[in-house]
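J.: One predicted model, sequence on top.
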Amino acid sequence: MTDSNLLIRLQGIGKIFQADEVTTHALSDINLDIYEKEYLAITGASGCGKSTLLSILGLLDFPTSGNYQINGISVEDWDINQKAELRCKEIGFVFQSFNLIANLSIFENVQLPLIYREDLDKNEVNDRVLSALEEVNMAHRKDHWPHQLSGGQQQRIAVARAIVGKPSLLLADEPTGNLDSKNGEDVMQLLDDLNKNGTTICMVTHDPRFAQFAHREIQLVDGKIRNEKSNHKSSVDTPNRVLEATKSLSSLEEAVVEEE
Ligand SMILES: Nc1ncnc2c1ncn2[C@@H]1O[C@H](COP(=O)(O)OP(=O)(O)OP(=O)(O)O)[C@@H](O)[C@H]1O
């Protein structure tokens, strides 16, 4: 990796929440580089700061100390509107709950991130939405409504919405958290395909099996990076590992059902 394909650099990032009398040090001294086309997993126990870190990476929340750079530009002096514009263009989000808008069609849901894009005309918006839907194999459902889709299909639409603006970075917070093993596998495969096609991904997961799909895993403990490991095999043999992860998930589910 060279600095020329460095996308994000976090230096000494800290985040303190102050609520009434309670002070929480959610993140301390986080140093992290993310390179173009990387697939990074952030793991760790509940409350260790994973979502806070993802929110900071996505410019949804801001650190109380440290420096954030994207494409070599330090954003700490930017005002809220500049950050919102940057977020809109450069960052896509997928959450555990799919967050589709119930009274918008599938097409309209995917179109949402583009409605304030003055650089795109109506035809370009239309083409972008259709091609994002094609990427997740859901173009045939463009005129349907969210409630007509399964959870797995809704998450595919959420992924289409996240990539429709062609962001530099796709952030996913427990993207399989609300899905059964089969749909979880499909979404993991979809993220893997997107990464192979060049999308940089940063995913929060508490599940070590899914973390193995990433090239690199960062483990947080009490708001600090405790461990970082590479997973060089990840981009080579994903289908088998997807299968294995799914098998162990399925047997886990079967064991739980049997116990009940
Ligand atoms: N808005 C907030 N105000 C006060 N404390 C907060 C706020 N958001 C998060 N925290 C605290 O910061 C710490 C880190 O929270 P965070 O949600 O990042 O953890 P997490 O690793 O994503 O947890 P989980 O896996 O359970 O989602 C926790 O102690 C949490 O209570």
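T.: That came through, no problem. Residues are numbered from 1 along each chain as shown.
J.: Please work out how many residues are found near the closest residue to the ligand within the stretch 151-260 of the chain.
T.: Residue of the stretch 151-260 of the chain nearest the ligand, by CB to the nearest ligand atom: His206 (5.5 Å). To be clear about C-beta, it is placed using only N, CA and C from the backbone, and glycine gets the same treatment. Using other CB atoms under 10 Å, His206 is surrounded by 15 other residues.
J.: So it is in contact with Thr176, correct?
T.: No: in this structure, His206 is not within contact of Thr176 by CB atoms under 8 Å, at 10.5 Å.
J.: Please enumerate the shared neighbours of the two.
T.: Shared contacts of His206 and Thr176, defined by CB atoms under 8 Å, 6 or more residues apart in numbering, are not found at any residue.
J.: Check the model's average confidence along stretch 30-39 for me.
T.: The average pLDDT within stretch 30-39 is 95.
J.: hmm, that stretch touching the ligand?
T.: No: judged by CB under 6 Å from any ligand atom, stretch 30-39 and the ligand are separated, with a smallest distance of 11.7 Å.
J.: Any buried residues in that stretch, and which?
T.: By 16 or more other CB atoms under 10 Å, the buried positions in stretch 30-39 come out as 30, 32, 34-39.
J.: Spell out which parts of the protein neighbour the ligand.
T.: 17, 19, 24, 26, 44, 46-52, 206.
J.: redo that, cut-off 5 Å
T.: 17, 19, 24, 26, 46-52 (CB under 5 Å from any ligand atom).
J.: one step back: return the residues in contact with the residue of the stretch 151-260 of the chain closest to the ligand.
T.: 43-46, 50, 174.
J.: In strands only, show me these.
T.: Thr43 (DSSP state E).
J.: Which of the contacts of His206 are buried? Put it as a ChimeraX command.
T.: Buried members of the contacts of His206, defined by 16+ other CB under 10 Å, are picked up in ChimeraX with:
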select :43,44,50,174
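J.: Of all pairs in the contacts of His206, which one spans the longest distance?
T.: The most widely separated members of those are Ala45 and Glu174, with 13.4 Å between them, by CB to CB.
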